[in-house]
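*Asks:* Coordinates for the following, if possible.
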Amino acid sequence: MTRSELENKMAVLLGGRAAEEVIFGHQSTGAANDLAKVTEIARSMVMRYAMVQALGHIAYEEQPAPFLGVQPFRKIVSTAKPPPARLTSRCATSSTSSTRKPR
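*Replies:* Alright, predicted model coming up:
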């Protein structure tokens, strides 16, 4: 998949949460699984697919870590530009703006 396709996939996954914010004005735990998937996609974009230019063409991890609290991931991500959080934030913003558009 291309970077654009992965970002679009994250935006779609965050669409439900964006809809909750727009329609109900709050967030719930209903998007927990979607958030986990978005986190894994963003993590893979940085760690496995080298889609962050600032880190170069290096796969930092061949297999996903057993949990998200792995220290090396935090160290690498802290130097990433844009960091995975910014990737997911951009996709969330895209979801929110798409949800607000009249059909």
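*Asks:* Can you show me the strands along this structure?
*Replies:* Along the chain, counting by DSSP state E, no stretch forms strands.
*Asks:* which residues in it form helices?
*Replies:* In the chain, helices defined by DSSP state H lie at 3-13, 15-24, 32-47, 71-79, 84-100, listed in chain order.
*Asks:* Just the mean pLDDT for the fourth one, thanks.
*Replies:* In this case it means helix 71-79. For helix 71-79, mean pLDDT rounds to 53.
*Asks:* repeat for the first one
*Replies:* Taken as a whole, helix 3-13 has a mean pLDDT of 94.
*Asks:* what packs against it?
*Replies:* Based on contacts counted as 3 or more C-beta pairs under 8 Å, 6 or more residues apart in numbering; DSSP states H and E, the elements that helix 3-13 packs against are helix 32-47, helix 84-100. No exception for glycine: its C-beta is placed from N, CA and C like everyone else's.
*Asks:* Which of those comes out lowest on mean pLDDT?
*Replies:* Per-stretch mean pLDDT for the helices and strands packed on helix 3-13 is lowest at helix 84-100 (a mean of 64).
*Asks:* what about Leu55, neighbour count?
*Replies:* Leu55: 16 surrounding residues under other C-beta atoms under 10 Å.
*Asks:* So it sits against Met47, correct?
*Replies:* No: using C-beta atoms under 8 Å, Leu55 is not in contact with Met47; the gap is 9.2 Å.
*Asks:* what's near enough to touch Leu35?
*Replies:* Residues in contact with Leu35 (C-beta atoms under 8 Å, 6 or more residues apart in numbering) are Leu13, Leu14, Arg17.
*Asks:* separation between the last one and Ala42?
*Replies:* If I follow you right, that is Arg17. Arg17 sits 15 Å away from Ala42, taking C-beta to C-beta, to the nearest Å as the criterion.
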